[in-house]
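A.B. asks: Sequence below, structure please.
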Amino acid sequence: MAEVYPPTSKDIVVSRGLKYRYHYAPPTTPGKVTFLFLHGFPSTGRDWRKISIPLEKLGYGIFIPDMLGYGGTDKPTDLAEYRMKLIAKDVVDLLDKENIEKVVAVGHDWGSWAVARLATYFPERFHAFAFLAVPYAIPDPTGTLEQATAFVKSLLGYEPYGYWDFFNEDDADKVLLDHLDSALGIVYAKDARKVWREILCPKDVIKQALLSDYTPADGIASFITEEDLKFYTKTFREQGFRGPLCWYKSEIRGLHKPDEATVPLDRYLPPTSTPLFFGAALHDVICQPQIGKFVFGLEQFKNHNITIKEFEGDHWLILSHGEELARELDAWVEGIVVPTVEAK
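C.D. replies: Residues are numbered from 1 along each chain as shown. Here you go, the predicted structure:
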């Protein structure tokens, strides 16, 4: 993130004693809201730049933390530290440090799950919620991962999360690091639809692919520059994957369930007065658009104000379609969010 915003990156210790690094640029145009951007795996706050810079130029406030386990933020290895309720409180602590009362939260990948829990635990701090690739996650204290996976498999027609088994292994971080070029080649493959279906989705494939230093024949996606690749390589060579993989392991091992069991039923969804945005990545083979459309099409959401936009990109739409996303988020905020806020 320092490569993008060197003058304004800050390190702050949140209430539970962990250090977070973030970038904050206040609104420069009166009346403009502040966007909060939360990234996923394997990213840092830097990955938001293609969206955040255009929005910042329009006068919006921009708040981008490196999430727990990434970048300049602390990287605890205790899985309990990655409970979503705690991470949500961390994010609110960051907003409190800058005296920001309300924001529009935008999440991608695991960041969407974090945004969902901000809606669960701190709905009063947000004007609206946006989810990119990954939709809102309804609390599910009694369901199992096997049940959820089976449902998604029935929806898509193929195994979606085979790589999770490998990510849950104790030495997964070491394998990823020892075969980093292969890992980055798979994650940012040019033909992600083919590579992810063949390597990530099936069970028992990704680890062997890494150990054999598999690289996609078509190479890296065109939206990943040489500078990007050097940044990712340097970042993960220095910081490793142990922290980032804790997001997967804490979910796989059910660490969020006790917290979710205490959530009142009227907090299972965001308030109906809070607009929602879903950015569907049409070529994402793991987080396929029909998953999000199914979620937001549930009867429980019938009274919500939901905007769904489709993008001709894969999972990395925040990198490939940044300017288009910035335009859509601007239009959504100006056309729906601000009028909703003013009407309250």
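A.B. asks: Give the helix, strand or coil label for Arg21.
C.D. replies: Following DSSP: H, G, I helix; E, B strand; the rest coil, the label given to Arg21 is strand.
A.B. asks: looking at the chain, which helix or strand is least sure?
C.D. replies: Least confident helix or strand of the chain, by mean pLDDT, DSSP states H and E, is helix 338-343 with a mean of 89.
A.B. asks: Which parts of the stretch 101-250 of the chain are strands?
C.D. replies: Counting by DSSP state E, counting those that start in this stretch, the stretch 101-250 of the chain has these strands, from start to end: 103-108, 126-132.
A.B. asks: other SSEs contacting the least confident helix or strand of the chain?
C.D. replies: strand 126-132 (3 or more CB pairs under 8 Å, 6 or more residues apart in numbering; DSSP states H and E). C-beta here means a position set from N, CA and C on the backbone, and glycine is covered the same way.
A.B. asks: Next, the angle strand 103-108 makes with the strand it packs on.
C.D. replies: 10 degrees (axes from the mean of the first three to the mean of the last three CA atoms, to 10 degrees).
A.B. asks: How far does stretch 243-261 stretch from one end to the other?
C.D. replies: 25 Å (CA to CA, to the nearest Å).
A.B. asks: And the nearest residue to Gly162 once chain neighbours are set aside, how far from Pro216?
C.D. replies: Counting by CB to CB, 6 or more residues apart in numbering, Lys203 is the residue found nearest to Gly162 once chain neighbours are left out, at 3.9 Å. In this view, Lys203 and Pro216 are 20 Å apart by CB to CB, to the nearest Å.
A.B. asks: repeat for Ala133
C.D. replies: According to CB to CB, Ala133 and Pro216 sit 20 Å apart.
A.B. asks: So between those two, which is more surrounded?
C.D. replies: Ala133 (28 against 19; other CB atoms under 10 Å).
A.B. asks: so that one sits right up against Val285, yeah?
C.D. replies: No: contact criterion CB atoms under 8 Å: Ala133 and Val285 do not qualify, at 11.2 Å.
A.B. asks: and the residue nearest to Gly162, how many neighbours?
C.D. replies: Neighbours of Lys203 (other CB under 10 Å): 12.
A.B. asks: and it, what pLDDT?
C.D. replies: Lys203 is assigned a predicted lDDT (pLDDT) of 95.
A.B. asks: tell me the contacts of it?
C.D. replies: Contact analysis of Lys203 by CB atoms under 8 Å, 6 or more residues apart in numbering lists Glu159, Gly162, Asp165.
A.B. asks: Among those residues, which ones are in helices?
C.D. replies: Those of those mapping onto helices are Gly162, Asp165, per DSSP state H.
A.B. asks: Buried subset of the contacts of Lys203, written for PyMOL?
C.D. replies: In PyMOL, the members of the contacts of Lys203 classed as buried (16 or more other CB atoms under 10 Å) are selected with the following command:
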select buried, resi 159+162
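A.B. asks: which one of the contacts of Lys203 is nearest Val195?
C.D. replies: Gly162 (13.3 Å; CB to CB).
A.B. asks: Please give me every residue in contact with that closest one.
C.D. replies: Gly162 is in contact with Leu200, Cys201, Pro202, Lys203, Asp204, Val205, Ile206, counting by CB under 8 Å, 6+ apart.
A.B. asks: Show the buried residues in those residues.
C.D. replies: Leu200, Cys201, Val205, Ile206.
A.B. asks: returning to what we had before: highest mean neighbour count across the strands of the stretch 101-250 of the chain, which stretch is it?
C.D. replies: Greatest average neighbour count among these goes to strand 103-108 (a mean of 27), per mean count of other CB atoms under 10 Å.
A.B. asks: What strands line up against it, and which way round?
C.D. replies: When sheet partners are counted by DSSP bridges, strand 103-108 sits next to strand 34-38 (parallel), strand 126-132 (parallel).
A.B. asks: What's the local residue count around Leu36?
C.D. replies: Leu36 is flanked by 30 other residues according to other CB under 10 Å.
A.B. asks: beta partners for the closest residue to it other than its chain neighbours?
C.D. replies: What sits nearest to Leu36 in space, not counting adjacent residues and going by CB to CB, 6+ apart, is Val103, at 4.3 Å. Per DSSP bridges, the residues bridged to Val103 are Phe126.
A.B. asks: what residues are up against Val103?
C.D. replies: By CB under 8 Å, 6+ apart, the neighbours of Val103 are Val33, Thr34, Phe35, Leu36, Gly61, Phe63, Leu95, Arg125, Phe126, His127.
A.B. asks: any idea how far Leu319 is from it?
C.D. replies: Using CB to CB, we find Val103 at a distance of 22 Å from Leu319.
A.B. asks: Could you do Ser15 as well?
C.D. replies: For Ser15 relative to Leu319 (CB to CB), the value is 33 Å.
A.B. asks: Neighbour count for those two, which is higher?
C.D. replies: More neighbours surround Leu319 than the other of Ser15 and Leu319, with 22 against 11 (other CB under 10 Å).
A.B. asks: tell me which element that one falls in.
C.D. replies: According to DSSP states H and E, Leu319 maps onto helix 317-320.
A.B. asks: between the helix or strand following that helix and strand 103-108, how big is the angle?
C.D. replies: Downstream of helix 317-320, the first helix or strand assigned by DSSP H and E is helix 322-332. Counting by the same axes, to 10 degrees, helix 322-332 lies at 140 degrees to strand 103-108.
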